[in-house]
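Chemist: Here you go, sequence then predicted model.
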Amino acid sequence: MDIHVGIVAFQPKVEELHALIQSQGEHPIWLFLNSPLDAEEINRLPANVRILTSGENVGVGEAYNRIVAAARAFGARRLLLLDQDSTPPSDIIPVLERTFNSLGEWQEHPAVVGALPISESEKFKPPREFNDESHQRRATARPSEFVISSGSLYDLKVLAKVGGFRADFFIDAIDIEWCFRAQSMGYTCWIDEAVTMPHRLGEGVIRLPLMDVRLTKQAPSRLYTYVRNQIAMLRMGHVPQRWKLLVLPYMMVQSAIYTVASRGTRGRVMRALASGWIDGVRQRMGPGRRDRF
């Protein structure tokens, strides 16, 4: 098969992981382990699963890149990426494949086509939409400024031209930066509304009723990489100016709200946010100081 599946796992819930693998049928699956998996569980995996690991947590970006290299070496043409807790429909690959082919026939130069992310439940914040107004809809596909990696089908030839995912981002905004880079080279990113997939943002929702504001609840270590990577993108030439003008004040407001709303962890949250701003400005990337918070 020339379409492969890539999954990055870090301390996964084993039954969820097995269900995800089973949902993808006989497609070749690359499972990158960013944390150890019990030998008994490894033995339970079906024959179409190949395991990749480095013996340590190298982050999501580097794991993606190693999956891409492995799939390409085995002759894959396209690659579906999935989070370990994703719940994609069983027909996600053929539907996204048809849409990808149609977009190519329409000369839209697609780099990636993803499922429409929807909120897993009311406990989580719905994913925000960022439509690409420079392109028109095509049937069930709509152009988007970026597509989240989970539930997205990538063209490996395009990925080779655009370049790999930012390993130094470690986690957070990796898919955003890649789509901006692809678009700067003339490619497009799409969401197929015919394929919906529940997506879990963070650990829940922080609500401020008086302001009608909802933010994604995150651990301090994730707040650090989130802020750092968004601030780092402000200095990248391929990131659209419109995005930069939107993100900078948004990050300032978010940082203030997270500080006020944190209870019991305010000191850790403030350190994480401050370090994220400083390291983002200084372009101090990598796994860095995540473990300090």
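Modeler: Nice, I can see it.
Chemist: Name all residues that make contact with residue 220.
Modeler: Going by C-beta atoms under 8 Å, 6 or more residues apart in numbering, residue 220 touches 265, 268-269, 271-272, 293. From N, CA and C alone the C-beta is placed, and that goes for glycine too.
Chemist: from those residues, which is closest to residue 229?
Modeler: Nearest to residue 229 among the contacts of residue 220 is residue 272, at 13.0 Å by C-beta to C-beta.
Chemist: Share the number of residues neighbouring the closest one, please.
Modeler: For residue 272, the count of nearby residues is 29 (other C-beta atoms under 10 Å).
Chemist: My read is that it contacts residue 221, right?
Modeler: Yes: the criterion here is C-beta atoms under 8 Å, and residue 272 meets it with residue 221 at 6.8 Å.
Chemist: out of the contacts of residue 220, which are buried?
Modeler: Neighbour-count burial (16 or more other C-beta atoms under 10 Å) is assigned, among the contacts of residue 220, to 268-269, 271-272, 293.
Chemist: Direction included, what does the host helix or strand of residue 31 pair up with?
Modeler: Using DSSP states H and E, the element containing residue 31 is strand 29-33. Partners of strand 29-33 in the sheet, by DSSP bridges, are strand 3-9 (parallel), strand 49-53 (parallel).
Chemist: Deepest-packed of these, please.
Modeler: strand 3-9 (a mean of 25; mean count of other C-beta atoms under 10 Å).
Chemist: low pLDDT regions in the stretch 51-200 of the chain?
Modeler: 120-127 (pLDDT under 70).
Chemist: Spell out the residue ranges of the strands in the stretch 51-200 of the chain.
Modeler: For the stretch 51-200 of the chain, the strands defined by DSSP state E, counting those that start in this stretch cover 78-83, 110-119, 141-143, 152-155, 188-199.
Chemist: So what are the sheet partners of the first one and their directions?
Modeler: Using DSSP bridges, strand 78-83 pairs in its sheet with strand 3-9 (parallel), strand 152-155 (antiparallel).
Chemist: out of those strands, which comes closest to residue 170?
Modeler: Closest among those, using C-beta to C-beta: strand 3-9, at 11.9 Å.
Chemist: Would you mind pulling up the elements that the helix or strand just after the closest one packs against?
Modeler: The first helix or strand that comes after strand 3-9 along the chain, using DSSP H and E, is helix 14-23. Packing partners of helix 14-23 (3 or more C-beta pairs under 8 Å, 6 or more residues apart in numbering; DSSP states H and E): strand 3-9.
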